[in-house]
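Trainee: turn this into a model:
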Amino acid sequence: MDEHHKLECLESLDKMIDKYKNDTYMLNRIHSHITHNLPNTLEYEHRNHERRIDRANFLSKEQETFIQVFLQKNLYFYLCGPNLFYKYDGINYQIVREDDIIHNLLSTISKDRVLLDWKQKTKIHILKLIKEGKSLFNSIPESDTIQSVLNTLCPTFFENKRYTKYFLTVLGDNILKKNSHLIFLMNTEMKKIMSVLDNISDISIGFNGVTSNFVTKYHESHLYENCRLIKMNENVSRELWKDAIKKIGLNLICVAVHYSKRYDNSDSYVEKQMDDDHKKYINYVKNHTSIEIVNEFCGNYIQEQNSELGVMSIDWKNLHFVWKQFLNDKQYPNMMYLQTLKSHLIDKYEYDKEKDLFYGIASQFIPLQREFLNFWDKNITNSETAVDPISNFDNELEIDEICVLFKSWLKQNSEHKISGCNISENTILKIISHYYNTVEIVEDKYLLNISCVLWDKINDIRESFEYIKSSLETYDYEIVPFDDVYNYYYEYTRKTDTKMIVSKRYFSKYLYYMYSDNIVYDKFIEIKFLYSIENI
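Mentor: Below you'll find the predicted structure:
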């Protein structure tokens with residue numbers, strides 16, 4: 001007790017004595033309280049105070065241990081932006097409700113029983129610790145989580161794990177807003193499926209711009225030094241990607257952030273972790289000017305003609321297609337404006353503006369391309385002319401069927417020694433998209449409302465029905481599955497040595513159209529449909 005408090009006590013006692021100086025009873029009571037009651041009361045309060053201190057110290061230590069163990073066993077995290085809590089079980093991250101955390105916490109305290117008196121106090125303290133010190137972006141995924149993400153993405157979507165890690169590091173940089181000046185050029189198909197990742201990111205962490213700097217076309221505002229190339233495997237299924245991201249979405253985000261922190265940023269990862277070939281690809285635009293890129297294209301895809309061979313020329317539309325072939329073969333996205341490309345080519349070669357022709361050059365890709373255009377113009381019909389006049393059934397061709405028909409036609413009709421054996425379905429698809437952009441193409445496979453004079457698909461099906469009918473005469477059931485009908489059709493093509501065979505999809509589509517009244521259970525057709533075949 002300091003001197004001031006001591007004086008206050010003495011003054012208070014003096015006042016009481018002075019107040020009752022003429023009252024013997026009260027003076028005796030003052031004496032009794034001071035000499036007997038006050039020491040006992042103070043002793044009792046002293047012991048209680050020490051017990052409370054001891055218990056508070058005990059509970060404080062128990063609380064400290066409890067919190068440490070609880071947060072170690074229950075890996076909870078938080079992001080203030082979306083105001084979301086997360087739990088990590090060592091394999092998967094998942095969003096959890098605050099109420100679920102509180103329920104788990106209070107249940108654990110109740111089982112332990114020691115901290116029952118401090119239940120609410122402990123709850124408040126733990127939630128505060130999670131919110132203030134357990135950011136989701138500071139969590140470190142376990143090896144099982146990392147490998148699960150890598151194995152899901154590679155090799156299905158990315159060619160190897162190093163490139164997969166690069167992709168994840170780029171995403172992590174975007175989430176943490178590092179290197180926001182960088183632009184990542186990619187092909188159109190990759191950009192389309194990236195929207196799935198944006199949606200998952202928006203829902204999971206409240207960040208909807210995770211792929212905002214992924215672009216499919218170069219823009220004049222983009223400096224080449226800020227551009228990087230990024231790619232996925234070709235022909236990736238959007239549905240497959242969507243299913244994968246739904247399963248590992250939050251895991252992928254956490255691994256991406258982890259890699260961004262571990263490797264500092266994507267450029268640093270490329271420099272320290274990637275081999276020379278990958279570095280060359282990723283930094284291709286960064287390390288080249290538009291003129292250098294055009295020069296590489298011309299050096300590999302254009303041949304300057306000797307004057308002794310006569311005047312050769314390529315029109316701009318064909319040359320543009322060869323440029324697309326260059327981009328496709330190198331797996332480069334579009335990295336310059338078309339007018340910029342044309343200007344560089346005009347500077348490099350003799351050009352006739354009126355005819356839109358470049359003189360004195362040729363390309364190994366032009367002859368085969370021209371032959372395909374010749375094949376198409378002579379053999380392919382579209383729109384109303386592709387409708388079967390008897391059944392009014394809209395015809396269609398699949399890209400692999402066109403490829404087979406073209407190769408067969410080329411062997412018999414080419415005036416030059418051109419081999420079409422190596423032309424791919426992808427190349428043919430690009431030719432069609434470039435020169436016949438009004439053709440409706442579904443899933444990069446089905447070309448609608450077109451037919452080929454070299455193959456009457458519908459007539460082939462009709463001619464097989466007599467064989468199918470005889471094969472089903474001894475059939476034991478009143479309905480037959482489509483698969484069995486198609487199998488009989490296939491047997492017919494083998495027996496008659498039919499060169500072209502319609503797909504099961506097209507065959508079924510024709511059955512649906514022609515015999516809809518006889519179809520039951522979606523995939524079965526009534527045997528009585530045979531009786532109508534003769535009337536086709």
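Trainee: give me the phi and psi for Ile441.
Mentor: Main-chain dihedrals, Ile441, degrees, to the nearest 10: phi -120, psi 130.
Trainee: which stretches of the stretch 401-536 of the chain form helices?
Mentor: For the stretch 401-536 of the chain, the helices defined by DSSP state H, counting those that start in this stretch occupy 425-435, 457-472, 482-495, 504-514.
Trainee: now render the ones you listed as JSON lines, adding mean pLDDT, mean neighbour count and distance to Asp198.
Mentor: All C-beta spots, glycine's among them, are computed from the backbone N, C-alpha and C. Shown next, in JSON lines, are the helices of the stretch 401-536 of the chain (pLDDT from 0 to 100; neighbours: other C-beta atoms under 10 Å; distance: least, C-beta to C-beta, whole Å):
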{"stretch": "helix 425-435", "mean pLDDT": "86", "mean neighbour count": "17", "distance to Asp198": "26"}
{"stretch": "helix 457-472", "mean pLDDT": "87", "mean neighbour count": "17", "distance to Asp198": "41"}
{"stretch": "helix 482-495", "mean pLDDT": "90", "mean neighbour count": "16", "distance to Asp198": "40"}
{"stretch": "helix 504-514", "mean pLDDT": "88", "mean neighbour count": "17", "distance to Asp198": "32"}
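Trainee: Glu371: which of those helices is closest?
Mentor: helix 425-435 (10.4 Å; C-beta to C-beta).
Trainee: which strands and helices sit next to that closest one?
Mentor: helix 316-330, helix 366-379, helix 399-413, strand 441-442 (3 or more C-beta pairs under 8 Å, 6 or more residues apart in numbering; DSSP states H and E).
Trainee: okay, the ones you listed in a markdown table with mean neighbour count, distance to Ser266 and mean pLDDT next?
Mentor: Formatted as a markdown table, the helices and strands packed on helix 425-435 follow (neighbours: other C-beta atoms under 10 Å; distance: least, C-beta to C-beta, whole Å; pLDDT from 0 to 100):
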| stretch | mean neighbour count | distance to Ser266 | mean pLDDT |
| --- | --- | --- | --- |
| helix 316-330 | 17 | 21 | 91 |
| helix 366-379 | 17 | 38 | 87 |
| helix 399-413 | 17 | 36 | 89 |
| strand 441-442 | 12 | 35 | 88 |
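Trainee: got JSON lines for the ones you listed, with distance to Asp2 too?
Mentor: Listed next are those as JSON lines, based on distance: least, C-beta to C-beta, whole Å:
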{"stretch": "helix 316-330", "distance to Asp2": "86"}
{"stretch": "helix 366-379", "distance to Asp2": "101"}
{"stretch": "helix 399-413", "distance to Asp2": "96"}
{"stretch": "strand 441-442", "distance to Asp2": "91"}
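Trainee: and those: which comes nearest Ser268?
Mentor: Closest approach to Ser268 among these (C-beta to C-beta): helix 316-330, 25.3 Å.
Trainee: what's the offset of the closest one from the middle of its chain?
Mentor: Offset of helix 316-330 from its chain centre (C-alpha atoms, centre = their mean, to the nearest Å): 28 Å.
Trainee: contacts for the next helix-or-strand element following it, please.
Mentor: Using DSSP states H and E, the helix or strand that follows helix 316-330 in sequence is helix 338-348. Around helix 338-348, the neighbours that count as contacts under C-beta atoms under 8 Å, 6 or more residues apart in numbering are 290-291, 294, 298, 316, 319-320, 323, 351, 358.
Trainee: what's the average pLDDT for helix 338-348?
Mentor: Helix 338-348 carries an average pLDDT of 94.
Trainee: rewinding a little: if we take the contacts of helix 338-348, which one ends up nearest to Val520?
Mentor: Closest to Val520, out of all of these and judged by C-beta to C-beta, is His320, at 52.2 Å.
Trainee: okay, now the domains of the protein?
Mentor: Structural domains annotated on the chain: 14-139, 143-282, 290-357, 368-452, 457-535, as defined by automatic domain parsing.
Trainee: need these in CSV with distance to Leu7, can you?
Mentor: Converted to CSV, the domains of the chain look like this (distance: least, C-beta to C-beta, whole Å):
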stretch, distance to Leu7
domain 14-139, 10
domain 143-282, 62
domain 290-357, 87
domain 368-452, 96
domain 457-535, 101
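Trainee: out of those domains, nearest to Glu8?
Mentor: Glu8 sits nearest to domain 14-139 of all the domains of the chain, at 10.5 Å, using C-beta to C-beta.
Trainee: got the end-to-end distance for the closest one?
Mentor: 67 Å (C-alpha to C-alpha, to the nearest Å).
Trainee: next helix or strand past the helix ranked longest in the chain?
Mentor: Longest helix of the chain, by residue count under DSSP state H: helix 38-73. Downstream of helix 38-73, the first helix or strand assigned by DSSP H and E is strand 75-79.
Trainee: against which helices or strands is that next one packed?
Mentor: strand 84-88, helix 119-133.
Trainee: winner for burial among those?
Mentor: Highest mean neighbour count among the helices and strands packed on strand 75-79 (mean count of other C-beta atoms under 10 Å): strand 84-88, with a mean of 20.
Trainee: with that, I have no additional questions.
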